[in-house]
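Asker: kindly return the folded structure for what I paste below:
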Amino acid sequence: MIGRKTYDYVIVGAGSAGCTLAARLTEDTGVNVLLLEAGGWDRDPWLHIPLGWPRLLLKRMHDWMYFAEPEESMGGRGLECARGKVVGGSSSINAMAYVRGNRGDYDRWAKSVSPDWGYAHVLPYFRRQEAWVGGADDYRGSDGPLSVGVCKFQDPLIDAFAQAGLAAGHPHTDDYNGERQEGFGSWQTTIRDGRRCSAALAYLKPALSRPGLSVEVGALATRVLMEKDRAVGVEYEVGGELLSVRAEREVILAGGVINSPQLLMLSGIGEPSQLKQHGIDCRIALRGVGKNLQDHISAAVAWTRKEPGPFHRSMRADKIALELAKCYFLGKGIATDLPGGEMAFLKTSSSEPLPDIQMLFNAAPMTAAPHFPMIKAPYADGFACRAAVLRPESRGEVTLKSANPRDHLRIKQNFLQAEKDRKTQRAGLRLAREIGAQKSLQAFIGKEIGPGPENWSDQGLDAWIKINGITVHHPACTAKMGPATDPTAVVDPTLKVIGAQGLRVVDASVMPDLVGGNINAPVIMIAEKAADLIRGRKLLEPAKVAAAE
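Answerer: Next up is the predicted model:
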């Protein structure tokens, strides 16, 4: 249990943003921070073995177990919405991809929110967070807390995929987080010494010895305590006991795209009519709370493999058991990476100003399972290229089901509601198939098993996407930041909740719109910058880099 009742800052959520904030704020001598986390400590070995990621996702381990409402565009399915419920949050259960998005995303934020969120202004915070294996330059940092390297998984199929991309007429990029995002490039990962480098490992654990930092796990925040329009603390539940703690300076919500708007609404901040339905008195009317939900939807082209690859051979039960142990104890072996290796950011049309499709290459099935002669037959080897729609026009929302903090929210993703999103998804699949048709990949392909040769009309692809489309787990934007003139904004450009004092939101929910790529790196960037804003520090000097093409 916590040792005091009053802190300078109370942070709700020990995910990527919460870990970053806790570490940065306690760098100041004399500052006291309480970090509340509904999940437990990240002690499960599966959290630290990179190859354990498919198991974490498919078995929904250390997860809030959220599901979206069934949607006609998804064939009546309610897609899972995996979010980390553990110290480190989603950075402890994600696929460890390190992607910043496109510089154009942040220049768009500069126009819609504030110049302080333009690319030149956020780049120094990306550089500050990372220890890039390639060393520092104008775009990359080398001495930050978060280790970033490239996937080292060895399989000739990965090189064939990269060659196929070039043969299909697409460019190559040496670093999609550097000067140029567009093109095929090596998958960058948050792995250190062969194990997952989560925000907990990178930021929180080095700070645990500081006297100013306290962490309470198993603590479900139930509401923000308000005195008039000022946040003064947090009420939370631990082991069935309801407790409260006071924040002298600020309460900071870092619970993520679902939990942060939920806590705002439970605290009387949101759309008045919706709060009234659940018997919650409205303290601050903000109709944007829970609205503007965006996520990356994806579908894949899948093939069988002519001959089993190196990963398939390593999945013999006795071999993979040894590899898992080697990874966990020594940080070595095949389990220190995922069988990916290549990623691409492509334009479905030359008229697109930015890449609108992300290609995620999987050199082995996610469902690959151990096998052993005469006991369990090996799985059929195969591989896939997943096309993700990067800047969806479709918008969803999260709303309360009740005033009970333990009740999950109602999540409406509204995937592919916009015709442009459907068109982009089809075009992405056709790009993937065109890449698969190149000579270098044909040498590995047995046959196409999805969507299948007969399903390449618009109608056939739409039917395939309905049944097989999945989220890429990048939900964001449900407490968007914006200027005072934006009636749907929830936080201002300094991430303060509009109309409230002493209350900020710092996580993926504050994004005004979705960036073109994975979101863990952008969330940490937001938290790095928020830490300076909260501490009253001068913001890092804008970067001086070449103008965008």
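Asker: how about Pro483, nearest residue that isn't a chain neighbour?
Answerer: Once flanking residues are discounted, Pro483 sits nearest to Val113: 6.4 Å by C-beta to C-beta, 6 or more residues apart in numbering. Where you see a C-beta, it was placed from the backbone N, CA and C, and this is true even at glycine.
Asker: err, His48, not the other one
Answerer: Per C-beta to C-beta, 6+ apart, closest to His48 is Arg195, 4.7 Å.
Asker: kindly report the same for Ile297.
Answerer: With sequence-adjacent residues excluded and distances taken as C-beta to C-beta, 6+ apart, Ile297 is closest to Phe415, at 4.6 Å.
Asker: can you get me a residue count around the residue nearest to His473 when sequence neighbours are not counted?
Answerer: What sits nearest to His473 in space, not counting adjacent residues and going by C-beta to C-beta, 6+ apart, is Ala82, at 5.7 Å. For Ala82, the neighbour count with other C-beta atoms under 10 Å is 23.
Asker: near the residue nearest to Ile297, how many other residues are there?
Answerer: Neighbours of Phe415 under the rule other C-beta under 10 Å: 28.
Asker: make sure it is actually in contact with Leu79.
Answerer: Yes. Here Phe415 lies in contact with Leu79, judged by C-beta atoms under 8 Å, at a distance of 7.4 Å.
Asker: which neighbours do those two share?
Answerer: 71, 469, 471 (C-beta atoms under 8 Å, 6 or more residues apart in numbering).
Asker: for the last one, name its beta-bridge partners.
Answerer: Meaning Thr471. Counting by DSSP bridges, Thr471 is bridged to Ile297.
Asker: repeat for the first one
Answerer: Applying DSSP bridges to Glu71 gives these bridge partners: Arg77.
Asker: burial measure for the closest residue to Leu293 other than its chain neighbours, as a count.
Answerer: The shortest distance from Leu293 to any non-neighbouring residue, by C-beta to C-beta, 6+ apart, is to Gly396 (3.7 Å). Look at Gly396: counted by other C-beta under 10 Å, it has 23 neighbours.
Asker: next, Gly396: phi, psi?
Answerer: phi -120, psi -160 (degrees, to the nearest 10).
Asker: does it touch Ile411 like I think?
Answerer: Yes. Using C-beta under 8 Å, Gly396 is in contact with Ile411, at 7.2 Å.
Asker: what touches both of these two?
Answerer: 68, 293.
Asker: what about stretch 192-207, average pLDDT?
Answerer: Stretch 192-207 shows a mean pLDDT of 98.
Asker: try stretch 462-470
Answerer: Averaging pLDDT along stretch 462-470 yields 97.
Asker: on that earlier part again, what residues are up against the residue nearest to Ile297?
Answerer: When contacts are counted by C-beta under 8 Å, 6+ apart, Phe415 touches 71, 73-74, 79, 295, 297, 392, 394, 396, 421, 469, 471.
Asker: which helix runs longest in this protein?
Answerer: The longest helix of the chain (DSSP state H) is helix 419-436.
Asker: export the helix or strand just after that one as PDB, just CAs?
Answerer: Counting by DSSP states H and E, the element after helix 419-436 in chain order, helix or strand, is helix 439-442. In PDB, the C-alpha atoms belonging to helix 439-442 read as follows (Å, rounded to 0.1, in the frame of the first residue of the first chain):
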ATOM      1  CA  LYS A 439      10.000 -13.600 -59.300                       C
ATOM      2  CA  SER A 440      11.900 -13.500 -56.000                       C
ATOM      3  CA  LEU A 441       8.800 -14.400 -54.000                       C
ATOM      4  CA  GLN A 442       7.300 -16.800 -56.500                       C
END
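Asker: just checking, what packs against helix 439-442?
Answerer: Here helix 439-442 touches helix 156-167, going by 3 or more C-beta pairs under 8 Å, 6 or more residues apart in numbering; DSSP states H and E.
Asker: from the contact counts, what lies against the helix it packs on?
Answerer: For helix 156-167, the elements it packs on are strand 183-186, strand 342-346, strand 357-362, helix 419-436, helix 439-442, judged by 3+ C-beta pairs under 8 Å, 6+ apart.
Asker: so, low pLDDT: which residues of the chain?
Answerer: 1-4, 546-549 (pLDDT under 70).
Asker: what about the helices in the stretch 101-250 of the chain?
Answerer: Using DSSP state H, counting those that start in this stretch, the helices found in the stretch 101-250 of the chain span residues 103-112, 119-129, 156-167, 199, 205-207.
Asker: what does the fourth one rub up against?
Answerer: With contacts defined as C-beta under 8 Å, 6+ apart, helix 199 is touched by 15-17, 19-20, 88-89, 91-92, 146, 520, 524.
Asker: can we see that at 6 Å?
Answerer: Contact with helix 199 is made by 16, 19, 88, 91, as judged by C-beta atoms under 6 Å, 6 or more residues apart in numbering.
Asker: if we can go back for a sec, any chance of the helices and strands packed on helix 156-167 in CSV, plus mean neighbour count?
Answerer: Shown next, in CSV, are the helices and strands packed on helix 156-167 (neighbours: other C-beta atoms under 10 Å):
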stretch, mean neighbour count
strand 183-186, 21
strand 342-346, 25
strand 357-362, 23
helix 419-436, 20
helix 439-442, 16
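Asker: dump the ones you listed into a markdown table; add distance to Thr173 as well.
Answerer: As requested, the helices and strands packed on helix 156-167 are exported to a markdown table (distance: least, C-beta to C-beta, whole Å):
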| stretch | distance to Thr173 |
| --- | --- |
| strand 183-186 | 4 |
| strand 342-346 | 8 |
| strand 357-362 | 12 |
| helix 419-436 | 16 |
| helix 439-442 | 18 |
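Asker: from the centre of the chain, give me the residue that's furthest out.
Answerer: Met374 (40.7 Å; C-alpha atoms, centre = their mean).
Asker: just the element for that residue, please.
Answerer: Counting by DSSP H and E, Met374 is part of no helix or strand.
Asker: tell me who's in contact with it.
Answerer: Applying C-beta under 6 Å, 6+ apart, no residues qualify as near Met374.
Asker: just to revisit the earlier point, so which elements touch the longest helix of the chain?
Answerer: Packing partners of helix 419-436 (3 or more C-beta pairs under 6 Å, 6 or more residues apart in numbering; DSSP states H and E): strand 297-305, strand 382-389, helix 458-468.
Asker: most packed of those?
Answerer: strand 382-389 (a mean of 25; mean count of other C-beta atoms under 10 Å).
Asker: could you spell out the sheet neighbours of that one, each with its direction?
Answerer: Short version: by DSSP bridges, strand 382-389 pairs with strand 297-305 (antiparallel), strand 357-362 (antiparallel).
Asker: beyond the first one, next helix or strand please.
Answerer: Think strand 297-305. Once strand 297-305 ends, the next helix or strand along the chain (criterion: DSSP H and E) is helix 310-314.
Asker: how far away is the residue nearest to Ile297 from Ser349?
Answerer: Per C-beta to C-beta, to the nearest Å, Phe415 is found 21 Å from Ser349.
Asker: cool, and Ala162?
Answerer: Going from Ala162 to Ser349 by C-beta to C-beta gives 23 Å.
Asker: higher neighbour count, these two?
Answerer: Per other C-beta under 10 Å, whichever of Ala162 and Ser349 has more neighbours is Ala162, with 21 against 9.
Asker: now for that one: which residues touch it?
Answerer: By C-beta under 6 Å, 6+ apart, the contact set of Ala162 is 184, 342.
Asker: do the same with Phe361
Answerer: 161, 342, 385.
Asker: contact partners for Arg433?
Answerer: Taking C-beta under 6 Å, 6+ apart, one finds Val301 in contact with Arg433.
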